[in-house]
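Engineer: quick one, structure for this:
(one chain, ligands or ions: 1)
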Amino acid sequence: MIKSGIMKVTNSISELRRWRGQEGAVSWGLVPTMGFLHEGHLSLVRQARVENDRVAVSIFVNPTQFAPHEDLATYPRNLERDLALLQAEQVDLIFTPDAAAIYPSGFQTYITVEELSQRLEGASRPAHFRGVATVVAKLFNIFQPSRAYFGQKDAQQTVIIRQMVRDLNFNVEVVIGPTVREADGLALSSRNQYLNLAERAAATILYRALMKAQHRYNQGERQAAALRQLIYDTIAQEPLARLDYASVAAQDSLLELETVNQPALISLAVFIGRTRLIDNILINS
Ligand code: PAF
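Structural biologist: Residues are numbered from 1 along each chain as shown. Next comes the predicted model:
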C-alpha cells in the first residue's frame, strides 16, 4: 500500500482535482460526512484506510437535505476537532467546501431517486433524499473514488445511494459499515448532543424497541403488523418519546411487508423531546 503521509485540506474543487490528479493510479476511498465526527464516522475511515491507497473525507453540512423548519442552522459543527481526529487516522485529503462551492448561484440540477425516496424517512422529510442524492453524486464526480463508505444507521440513504450508483453508472463501490453504538445501545449520531440528561436516558428506547422486535422475531413471529405493534407499545411506555414511524419493510424495495419472509429492515424514527432520532436493524430471513 502506498502512503502519502501529509494530510491535505482544501475547500476548493479545482485544488482537490489537481492533488487528486497528481497522485496517479491509486485507489481512493471517500467517506462523505457532515462533520462533528464520532466513532461511527471514524470506523468508516479506518475501513477505508485498510481497503484503499488513499483516504479522503468530505465535511459539508449539506443545506439541500434540510427542510426549512429543520436544524441546518444549529447542526453541530467543530472543524478543528474533526481535522485533529482525521489527522490521527492518517487521512490523506479533506474537502471542506462552503455552500457556494457546491451550489453556485444559478444551480438547478438535482437528482431524485424517485420511489425509494418517498418511503420511510421520505414520508416525513419529502425533499431530504433529493438533497442527499444530489450532493453525493457531486462528491462522486469531484473525487472519482474507487469506494465510498456510508453507515448502516442511515439505512434508507444506503439503499438510495446504491440505486443511484446503479441507475447512473457511477464507477464506485458503495461500502456500508455497521452502526456503532454506545454501551447502552444508543446509535451514535451527531444529533445525540442535542439531548439533555433525561432525554439521553430516554433515547435508549429506540434500541430497546428494536431488540424487542428482534427477540419476538427470533421466537417465531413473522407477522410484520405484530412486530410494528410491539414497537408502538414499547415507545409509548417512554414519556419523553413520540413515535414518528415504525416500519418492517423489504430491505431492497423498502416496501412494507405483511409477512417477514425475506430480508427485512426494521426501522423507526422517534422524537425525544424536540430531537428526532432514527435507528434500525436488519433481519435476514
Ligand atoms: O450521512 C450523512 O452524513 C449525509 O447524508 C451525507 C451522506 C454526508 C450527505 O450529505
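Engineer: going forward, measure contacts between C-alpha atoms and count neighbours the same way
Structural biologist: OK.
Engineer: can you pull the residues of the stretch 51-200 of the chain lying near the ligand?
Structural biologist: Counting by C-alpha under 6 Å from any ligand atom, the residues of the stretch 51-200 of the chain close to the ligand are 62, 132, 136.
Engineer: tabulate the residues you listed (CSV), appending secondary structure.
Structural biologist: Below are those laid out as CSV (DSSP: H, G, I helix; E, B strand; the rest coil):
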residue, secondary structure
Asn62, coil
Val132, helix
Val136, helix
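Engineer: for the ligand, what's its nearest residue on the protein.
Structural biologist: Thr33 (3.7 Å; C-alpha to the nearest ligand atom).
Engineer: what about Ala198, helix or strand, and which?
Structural biologist: Ala198 is part of helix 197-202, with elements assigned from DSSP states H and E.
Engineer: now Leu277
Structural biologist: Applying DSSP H and E, one finds Leu277 within strand 275-283.
Engineer: quick one: strands adjacent to that strand?
Structural biologist: Looking at strand 275-283 with DSSP bridges, its partner strands are strand 264-272 (antiparallel).
Engineer: verify the contact between the residue of the chain closest to the ligand and Val57 for me.
Structural biologist: Yes: using C-alpha atoms under 8 Å, Thr33 is in contact with Val57, at 7.0 Å.
Engineer: thinking again about what came up before, ok, residues contacting the next helix or strand after the helix holding Ala198?
Structural biologist: Once helix 197-202 ends, the next helix or strand along the chain (criterion: DSSP H and E) is helix 205-218. Contact with helix 205-218 is made by 185-187, 227-228, 230-231, 234-235, 238, 241, 266-268, 270, 278-281, 283, as judged by C-alpha atoms under 8 Å, 6 or more residues apart in numbering.
Engineer: still on that earlier bit, ok, Thr33 and Val57, which is more surrounded?
Structural biologist: Val57 (27 against 17; other C-alpha atoms under 10 Å).
Engineer: so which strand or helix has that one?
Structural biologist: Here Val57 is assigned to strand 54-59, by DSSP H and E.
Engineer: and for Val31?
Structural biologist: strand 28-33.
Engineer: what angle do the helix or strand just after that strand and strand 28-33 make?
Structural biologist: Next in sequence after strand 28-33, counting helices and strands by DSSP H and E, comes helix 39-51. Here the directions of helix 39-51 and strand 28-33 differ by 170 degrees (axes from the mean of the first three to the mean of the last three C-alpha atoms, to 10 degrees).
Engineer: mean confidence for helix 39-51?
Structural biologist: Taken as a whole, helix 39-51 has an average pLDDT of 98.
Engineer: could you list the residues in contact with it?
Structural biologist: Under C-alpha under 8 Å, 6+ apart, the answer for helix 39-51 is 29-31, 33, 55, 57, 86, 89-91, 147, 149-151, 177, 179-180, 188-189.
Engineer: go on, stretch 159-167?
Structural biologist: Contacts of stretch 159-167 (C-alpha under 8 Å, 6+ apart): 113, 116-117, 129, 133, 136, 171-172, 174, 252.
Engineer: mind running it again at 10 Å?
Structural biologist: Residues outside stretch 159-167 that contact it (C-alpha atoms under 10 Å, 6 or more residues apart in numbering) are 111-117, 129-130, 132-134, 136-137, 140, 150, 152, 156-158, 169-176, 251-254.
Engineer: now, of those, which are buried?
Structural biologist: In these, burial by neighbour count holds for 111-113, 116-117, 129-130, 132-134, 136-137, 140, 150, 152, 156-158, 170, 172, 174-176, 251-252, 254, counting by 16 or more other C-alpha atoms under 10 Å.
Engineer: take those and keep only those in helices.
Structural biologist: 129-130, 132-134, 136-137, 140, 156-158 (DSSP state H).
Engineer: tell me the contacts of the residue nearest the centre of the chain?
Structural biologist: Geometric centre of the chain, nearest residue: Asp154, 3.9 Å, by C-alpha atoms, centre = their mean. Taking C-alpha under 10 Å, 6+ apart, we find Asp154 in contact with 121, 176, 179, 189, 267, 278-280.
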